[in-house]
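Visitor: Give the three-dimensional model of this entry:
(4 chains)
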2 protein chains.
Amino acid sequence: MRTLEHPDLSSIQLDAVLAALADPVRRAIVLQLAHGHSDQACIAFDLPVSKSTATHHFRVLREAGIIEQRYSGTAIHNALRRADLDSRFPGLLDAVIAAGLNAV
Amino acid sequence: MRTLEHPDLSSIQLDAVLAALADPVRRAIVLQLAHGHSDQACIAFDLPVSKSTATHHFRVLREAGIIEQRYSGTAIHNALRRADLDSRFPGLLDAVIAAGLNAV
DNA sequence: ATCGTTGTACGATGGTCAACGTACCACCGC
DNA sequence: GCGGTGGTACGTTGACCATCGTACAACGAT
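Guide: Here you go, the predicted model:
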């Protein structure tokens, strides 16, 4: 089974998290995840970029510790690491999601 | 009297705010401002960059709507736009400051 | 075994941006 | 006036990154 590398809780860096969230495409992914999209494959997200670019963004989010990705067949199950982020940077994710919902 | 342009409350963009906060030098500025540095001139901040680079970072923060800059003689009075940010993106600034304090 | 689905690797390209030095401007005090 | 201090403008450089197409790998279903 293929596995994907994730930073563990203690090595999630604020720098990486903020840099990841600074991109609108990645925020769109986070918003859709927060909105109940969590079982979908990457390809099911509504993103204005090509497949290879989407892969890149999912990877950045995963390596920043914002999402968890697990293979489920050929597809990938994506989930927000809400509890981890809330424990490490309390309020940050909620603030971004709330702000994003207003904006969109 | 020289004046500096600031976005008004309604035109503060999440995109710009997150992009501004993604840089460690700019987060250092925000942290020092949140820590009571608010009356100092730009040059009084403890930053690991040259004067011209510091100017650049202060400008990015101002244009993102994160700080307010007002001339006071030749020097500039810097202040966090805490109330504006809290009203537009509740919790965001606090989360970044709290996370930054842990990290530093 | 073969095909379609899903995602990745790779290389290229164009744009953005942080950093710097230098020259300069604006104001204050003397 | 004239120097000094605080900030800015400008041009440059190097790095990083978002984007893409194409080719490919892994898996499921038939």
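Visitor: gap between the nearest residue to A:Leu9 once chain neighbours are set aside and A:Ser50?
Guide: Take A:Leu9 and drop its neighbours on the chain: the residue closest to it by Cβ to Cβ, 6 or more residues apart in numbering or on different chains is A:Asp84, 5.1 Å away. All C-beta spots, glycine's among them, are computed from the backbone N, C-alpha and C. A:Asp84 sits 29 Å away from A:Ser50, going by Cβ to Cβ, to the nearest Å.
Visitor: Going along the chain, name the helices of chain A.
Guide: Using DSSP state H, the helices of chain A run over A:14-21, A:24-34, A:51-64, A:82-88, A:92-103.
Visitor: and those helices, which one's lowest on average pLDDT?
Guide: With a mean of 84, helix A:92-103 has the lowest mean pLDDT of those.
Visitor: List the buried residues of that one.
Guide: Residues of helix A:92-103 classed as buried by neighbour count (16 or more other Cβ atoms under 10 Å in any protein chain shown): A:Leu92, A:Leu93, A:Asp94, A:Ala95, A:Val96, A:Ile97, A:Ala98, A:Ala99, A:Gly100.
Visitor: coming back round to it: can you say which of the helices of chain A is nearest to A:Pro7?
Guide: For A:Pro7, the closest of the helices of chain A is helix A:51-64, at 6.8 Å, according to Cβ to Cβ.
Visitor: Now do that closest one against helix A:24-34, angle only.
Guide: Orientation of helix A:51-64 against helix A:24-34 (axes from the mean of the first three to the mean of the last three Cα atoms, to 10 degrees) gives an angle of 70 degrees.
Visitor: Any residue of helix A:51-64 touching chain B?
Guide: No - Helix A:51-64 does not reach chain B (Cβ under 8 Å from any Cβ of the partner chain); its nearest approach is 11.1 Å.
Visitor: Would you tell me which residues of chain A are close to chain B?
Guide: So chain A meets chain B at A:14-15, A:18-19, A:21-22, A:24, A:27, A:88-92, A:94-96, A:98-100, A:103 (Cβ under 8 Å from any Cβ).
Visitor: Settle it for me: which of A:Asp84 and A:Ser50 has more neighbours?
Guide: A:Asp84 (19 against 9; other Cβ atoms under 10 Å in any protein chain shown).
Visitor: show me what contacts the more buried one?
Guide: A:Leu9, A:Ile12, A:Gly65 (Cβ atoms under 8 Å, 6 or more residues apart in numbering or on different chains).
Visitor: Grab the nearest non-local neighbour of the second one.
Guide: When you say that, I think you mean A:Ile12. Spatially, and ignoring its direct neighbours in sequence, A:Ile12 is nearest to A:Gly65 (3.6 Å; Cβ to Cβ, 6+ apart).
Visitor: Find me the pLDDT at that neighbour, would you?
Guide: 97.
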